[in-house]
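Peer 1: Prediction below, plus the sequence it came from.
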Amino acid sequence: MKDRLLDKLNSNFKDSIESVSEFRKELTIIIKRDDIVKVCQFLRDDEELRFDSLRDVCGADRFTPEERFEVIYNLYSLKNNFRLRLKVHIGAENPRVPTVTGIWPTANFEEREAYDMFGIIFDGHPDLRRIYMPEEFEYHPLRKDFPLMGIPGSLPLPRK
């Protein structure tokens with residue numbers, strides 16, 4: 001399955017792939033930010049591959065200026081019993097990536113969570129708003145520069 005997948009992606013999206021790695025039999029492909037939607041659409045719709053299940057979308061803070069954040073997509077093909085991880089690297093200055101909610105509606109919740117916790121903006125998302133923190137909270141708690149003890153006074157807490 002891995003060889004067929006890589007052959008198809010290389011023949012259709014050679015310029016979209018930044019790198020391919022395998023660790024403990026898990027395949028990870030880093031995709032260019034602007035190409036993530038068309039690659040995901042292809043992976044879902046190709047009759048042989050059929051990555052019909054988006055298992056998770058999450059963010060990560062790499063804490064490097066040029067590629068500070070990652071968006072990680074964990075895909076699964078029921079037909080082939082095969083898992084695939086896609087990653088997109090995005091910078092700190094403009095943490096934006098296109099939404100994949102049009103391909104997998106389950107991305108709605110996960111993209112909102114990455115927005116809330118990391119401040120990653122998903123362009124074209126149908127309802128991009130905070131999911132855990134109040135709307136007026138101006139910080140993103142899972143960023144590595146967020147203080148471990150929080151920011152005093154940033155949230156009104158109940159009195160004991």
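Peer 2: All right, it came through fine. Numbers count the residues shown, from 1 in each chain.

Peer 1: ranges for the strands of this protein?
Peer 2: Listed in chain order, the strands of the chain (DSSP state E) span residues 17-23, 26-31, 53-61, 69-77, 82-90, 96-98, 121-123.

Peer 1: how about those strands in CSV, adding distance to residue 130, mean neighbour count and mean pLDDT?
Peer 2: The C-beta positions use only the backbone N, C-alpha and C, and glycine is treated the same way. Shown next, in CSV, are the strands of the chain (distance: least, CB to CB, whole Å; neighbours: other CB atoms under 10 Å; pLDDT from 0 to 100):
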stretch, distance to residue 130, mean neighbour count, mean pLDDT
strand 17-23, 30, 12, 96
strand 26-31, 27, 18, 96
strand 53-61, 14, 19, 97
strand 69-77, 17, 21, 97
strand 82-90, 19, 19, 97
strand 96-98, 17, 20, 97
strand 121-123, 12, 16, 98
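
Peer 1: Looking at these, which is nearest to residue 151?
Peer 2: strand 53-61 (16.8 Å; CB to CB).

Peer 1: could you check the angle strand 69-77 makes with that closest one?
Peer 2: Taking axes from the mean of the first three to the mean of the last three CA atoms, to 10 degrees, one finds that strand 53-61 is oriented at 160 degrees with respect to strand 69-77.

Peer 1: Show the model's pLDDT score for residue 160.
Peer 2: You'll see residue 160 listed with a pLDDT of 67.

Peer 1: From residue 7, how far off is the most centrally placed residue in the chain?
Peer 2: In the chain, the residue lying closest to the centroid (CA atoms, centre = their mean) is residue 71, at 2.9 Å. Plainly put, residue 71 is 25 Å away from residue 7 if you go by CB to CB, to the nearest Å.

Peer 1: that older thread, let me have the strands of the chain in CSV, extended by distance to residue 131.
Peer 2: Converted to CSV, the strands of the chain look like this (distance: least, CB to CB, whole Å):
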stretch, distance to residue 131
strand 17-23, 29
strand 26-31, 25
strand 53-61, 13
strand 69-77, 16
strand 82-90, 20
strand 96-98, 17
strand 121-123, 12
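
Peer 1: Residue 138 is nearest to which of those strands?
Peer 2: Proximity of those to residue 138 was assessed by CB to CB; the nearest stretch is strand 121-123, lying at 14.6 Å.
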